[in-house]
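Asks: here you go, sequence then predicted model.
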Amino acid sequence: MNKFEQLGLNESLLLAIKDLGFENPSEVQEKAIPVLLEQNTDLVALAQTGTGKTAAFGFPLIQKLDAEDRSTQALILSPTRELCLQITNEIKQYSKYVKGLHTVAVYGGASITEQAREIKSGAQIIVATPGRMQDMINRGLVNIKNINFCILDEADEMLNMGFYEDIVSILSDTPDEKKTWLFSATMPAEVARIAKKFMAEPVEITVGHKNSGSATVSHEFYCVNARDRYEALKRLADANPDIFSVVFCRTKRDTQAVAEKLIEDGYSAAALHGDLSQAQRDGVMKSFRGRQIQMLVATDVAARGIDVDNITHVVNYQLPDEIETYNHRSGRTGRAGKLGTSIVIITKSEIRKISSIERIIQQKFQEKTIPSGIEICEIQLLHLANKIKDTEVDHEIDSYLPAINEVLDGLSKEELIKKMVSVEFNRFINYYKKKRDLSGEKGSDRSERSSEPREIRAGDPVRYFVNIGSRDDFDWMQLKDFLKETLDLGRDDVFKVDVKEGFSFFNTDGEHTEKVMSVLNGFDMNGRRINVEISKNDGGSRERRDHNGRSGGGFGGGRSSGGFRGGNDRNERSSGGFRSGGDRNSAPRSSGSFGPRKEGSSSDRPAREGGFRSDRDAAPRREPGASQREERAPRRSEGGSDRPASRSFDDAKVRRPRRS
């Protein structure tokens with residue numbers, strides 16, 4: 001016997017449940033459905049995202065409505081367009097055998113007159129976002145004064161998004177005798193206030209511990225330097241070849257920048273944020289559900305509507321401003337009883353936040369290190385071998401076998417296997433053999449730094465002092481272009497360019513140091529003799545200071561706008577820096593794994609405005625020979641803004657403006 005039959009659902013709903021393949025109700029369904037069917041009561045249900053809350057209120061709601069009465073009888077409020085459409089679709093699936101029952105979605109970004117027409121033609125259930133619903137009420141396009149049920153889904157998130165006044169106004173336009181069902185993952189003060197104001201002695205159902213995380217999700221964090229955050233993301237993707245993930249960023253701008261960089265580096269990625277049109281959002285979600293996209297980079301608001309099965313990982317590229325939001329993020333994976341992993345990439349200054357999250361979700365994080373290049377190569381090699389083994393042979397190839405055998409004649413089995421695997425594997429090994437290990441490079445405090453000159457290694461950033469600046473008609477972008485052309489370097493090879501009045505600073509990786517010193521020293525620029533020195537203020541130390549000064553910030557280097565730097569350089573790309581599957585216009589990747597781009601796939605398109613820099617607000621050290629007048633000169637940063645520069649008193653101490 002199907003266990004849903006024991007909950008008291010009628011025949012039409014049981015037929016729909018059978019079609020959907022549901023066999024066993026989730027805990028929230030098992031607790032909520034009998035209560036809502038048997039009692040005429042208000043309800044507060046606390047359960048994590050992905051536990052089946054829509055069915056928990058959808059089944060009893062459908063059973064209690066009068067399908068022959070074409071007036072609006074129920075209103076369901078949800079925080080986003082995606083979630084609104086998702087709930088509408090699910091309600092329609094549940095009610096497919098209930099003749100005459102109609103559900104209409106009401107949300108921004110679509111024709112309000114068309115939505116009003118659908119409601120007027122007869123809609124017993126309206127699923128709406130608070131903003132659009134309030135707009136329709138104000139215009140007199142909808143009447144909810146006689147509804148019997150009001151459901152608030154993801155109530156905590158609606159309030160986090162600033163919909164408190166809209167919700168209060170909407171609920172005030174409904175009858176007092178209606179029944180209100182509130183479903184939420186957490187119970188912050190504002191949700192409790194709504195419950196107290198509009199609900200009478202509600203039954204409370206809690207699945208798991210209040211505000212706790214899902215038991216099917218494991219939590220792990222990786223501590224890296226801020227400048228390595230994007231490189232860490234790529235390595236984690238490479239170390240999980242079958243990853244199907246949502247990557248969370250704090251802002252729309254960060255989301256777009258990370259997604260663009262991933263696409264440039266050959267990963268199957270896309271951005272989802274509020275600046276996209278509804279058609280664009282629908283297209284992205286369709287591709288993600290169809291697994292054409294394997295890394296969906298999203299803001300918290302846009303991700304509220306993501307209900308996709310089998311998401312393997314949630315990656316917190318940046319932690320949310322509100323720690324409680326972490327619960328919603330991690331709820332994207334580990335759904336329907338399946339296991340999932342929530343990953344957090346943090347800097348040293350953010351480690352304290354892990355303890356705060358642990359207290360909220362009542363689960364422990366496991367600290368892990370970013371896989372080394374060799375470890376990633378081993379993982380990818382075994383993944384490729386298993387993929388070859390599991391590939392089904394299409395016998396269309398049989399007619400080509402004689403010609404293929406002729407080409408491969410003389411190769412032993414072992415030689416053939418080595419060559420076949422090397423087709424994919426060589427790209428990984430050529431890329432990672434030059435890369436430094438990120439696992440031992442957590443951001444360190446200033447007190448831990450030594451005044452001794454550091455050894456310059458190929459993968460380490462080196463910061464230079466050069467005696468040209470704004471009075472030579474350079475801004476940061478012009479100087480970067482000049483350095484790239486003069487040194488014959490790629491667009492990612494010069495980064496963290498900082499222009500002062502009479503001098504400037506810039507970074508390259510250590511492997512370019514010899515070229516920088518030999519080419520630039522003594523270079524004649526329109527009668528001006530250039531002098532360049534290695535700065536005692538290394539490129540990494542400025543970013544470590546930034547950890548303590550900024551909670552989120554951007555991540556160093558790479559793009560000419562100071563955007564995200566993926567760690568590739570031109571020499572590595574040309575010698576096998578890879579991408580499993582080519583660039584955006586290429587055919588699907590043969591190995592189905594991720595990786596750096598193939599040779600020639602890098603783009604030199606103009607950088608987006610508004611890029612981020614991890615050293616944007618950090619004051620430079622005073623270099624030998626730099627005058628006090630120069631140090632007081634307005635600072636011109638890569639972000640394009642002028643701000644007073646801090647005065648440096650020696651090579652070990654820096655006075656910086658206090659930041660709030």
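Replies: It's in.
Asks: am I right that Phe183 sits in a helix?
Replies: No: using DSSP: H, G, I helix; E, B strand; the rest coil, the assignment for Phe183 is strand, not a helix.
Asks: residue contacts, it?
Replies: Ala45, Ala47, Lys53, Ala56, Phe57, Ile151, Leu152, Asp153, Glu154, Ala155 (C-beta atoms under 8 Å, 6 or more residues apart in numbering). Every residue, glycine included, has its C-beta placed from N, CA and C.
Asks: same list (those residues) but as JSON lines, adding distance to Pro371.
Replies: What follows is these, written out as JSON lines (distance: C-beta to C-beta, whole Å):
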{"residue": "Ala45", "distance to Pro371": "40"}
{"residue": "Ala47", "distance to Pro371": "35"}
{"residue": "Lys53", "distance to Pro371": "36"}
{"residue": "Ala56", "distance to Pro371": "40"}
{"residue": "Phe57", "distance to Pro371": "43"}
{"residue": "Ile151", "distance to Pro371": "45"}
{"residue": "Leu152", "distance to Pro371": "43"}
{"residue": "Asp153", "distance to Pro371": "39"}
{"residue": "Glu154", "distance to Pro371": "35"}
{"residue": "Ala155", "distance to Pro371": "40"}
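Asks: select from the residues you listed every entry located in helices.
Replies: Lys53, Ala56, Phe57, Ala155 (DSSP state H).
Asks: relative to Val168, which of the contacts of Phe183 is nearest.
Replies: Closest approach between the contacts of Phe183 and Val168, by C-beta to C-beta: Leu152, at 11.4 Å.
Asks: so in that sheet, which strands flank the regular element (helix or strand) spanning Leu296, and in what orientation?
Replies: Using DSSP states H and E, Leu296 sits within strand 295-298. When pairing is defined by DSSP bridges, strand 295-298 lines up against strand 245-248 (parallel), strand 269-272 (parallel).
Asks: nearest to Ile144, out of the contacts of Phe183: which one, please.
Replies: Ile151 (12.5 Å).
Asks: ok, the closest one - contacts?
Replies: Phe57, Leu61, Ala74, Leu75, Ile76, Leu77, Thr180, Trp181, Leu182, Phe183.
Asks: could I get the residues you listed as JSON lines with distance to Gln294 and pLDDT?
Replies: JSON lines is the format used below for the contacts of Ile151 (distance: C-beta to C-beta, whole Å; pLDDT from 0 to 100):
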{"residue": "Phe57", "distance to Gln294": "32", "pLDDT": "95"}
{"residue": "Leu61", "distance to Gln294": "35", "pLDDT": "96"}
{"residue": "Ala74", "distance to Gln294": "37", "pLDDT": "96"}
{"residue": "Leu75", "distance to Gln294": "37", "pLDDT": "96"}
{"residue": "Ile76", "distance to Gln294": "32", "pLDDT": "96"}
{"residue": "Leu77", "distance to Gln294": "32", "pLDDT": "95"}
{"residue": "Thr180", "distance to Gln294": "40", "pLDDT": "94"}
{"residue": "Trp181", "distance to Gln294": "36", "pLDDT": "95"}
{"residue": "Leu182", "distance to Gln294": "35", "pLDDT": "93"}
{"residue": "Phe183", "distance to Gln294": "30", "pLDDT": "90"}
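Asks: got a quick ChimeraX command for the buried subset of the residues you listed?
Replies: A single ChimeraX command selects the buried members of the contacts of Ile151 (16 or more other C-beta atoms under 10 Å):
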select :57,61,74,75,76,77,180,181,182,183
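Asks: neighbours around the closest residue to Arg471 other than its chain neighbours, how many?
Replies: Closest residue in space to Arg471, ignoring its immediate chain neighbours: Glu501 at 5.4 Å, by C-beta to C-beta, 6 or more residues apart in numbering. Using other C-beta atoms under 10 Å, Glu501 has 19 other residues around it.
Asks: pLDDT value on Glu501, please?
Replies: Looking at Glu501, its pLDDT is 80.
Asks: in the longest helix seen in the chain, which residues are buried?
Replies: Of all segments of type helix in the chain, defined using DSSP H, the longest is helix 413-432. Counting neighbours by 16+ other C-beta under 10 Å, one finds that the buried residues in helix 413-432 are Glu424, Phe425, Arg427, Phe428, Ile429, Asn430, Tyr431, Tyr432.
Asks: how close does the fourth one get to Arg250?
Replies: Yep, that's Phe428 we're talking about. Distance of Phe428 to Arg250, given as C-beta to C-beta, to the nearest Å: 31 Å.
Asks: circling back: which single one of the contacts of Phe183 is nearest to Arg529?
Replies: Relative to Arg529, the closest of the contacts of Phe183 is Glu154; by C-beta to C-beta it sits at 64.5 Å.
Asks: shaky segments in the stretch 251-400 of the chain?
Replies: Within the stretch 251-400 of the chain, the stretches with pLDDT under 70 are 304-305, 336-337.
Asks: show me where it has its helices.
Replies: Counting by DSSP state H, counting those that start in this stretch, the stretch 251-400 of the chain has helices at residues 252-264, 278-289, 325-330, 351-361, 373-390.
Asks: could those helices go into a markdown table alongside distance to Leu236 and mean neighbour count?
Replies: Shown next, in a markdown table, are the helices of the stretch 251-400 of the chain (distance: least, C-beta to C-beta, whole Å; neighbours: other C-beta atoms under 10 Å):
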| stretch | distance to Leu236 | mean neighbour count |
| --- | --- | --- |
| helix 252-264 | 12 | 23 |
| helix 278-289 | 19 | 16 |
| helix 325-330 | 16 | 24 |
| helix 351-361 | 17 | 16 |
| helix 373-390 | 9 | 16 |
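Asks: CSV for those helices, including distance to Val497?
Replies: CSV is the format used below for those (distance: least, C-beta to C-beta, whole Å):
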stretch, distance to Val497
helix 252-264, 18
helix 278-289, 33
helix 325-330, 34
helix 351-361, 31
helix 373-390, 28
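Asks: nearest to Lys18, out of those helices?
Replies: Of all these, helix 278-289 sits nearest to Lys18, with 23.2 Å by C-beta to C-beta.
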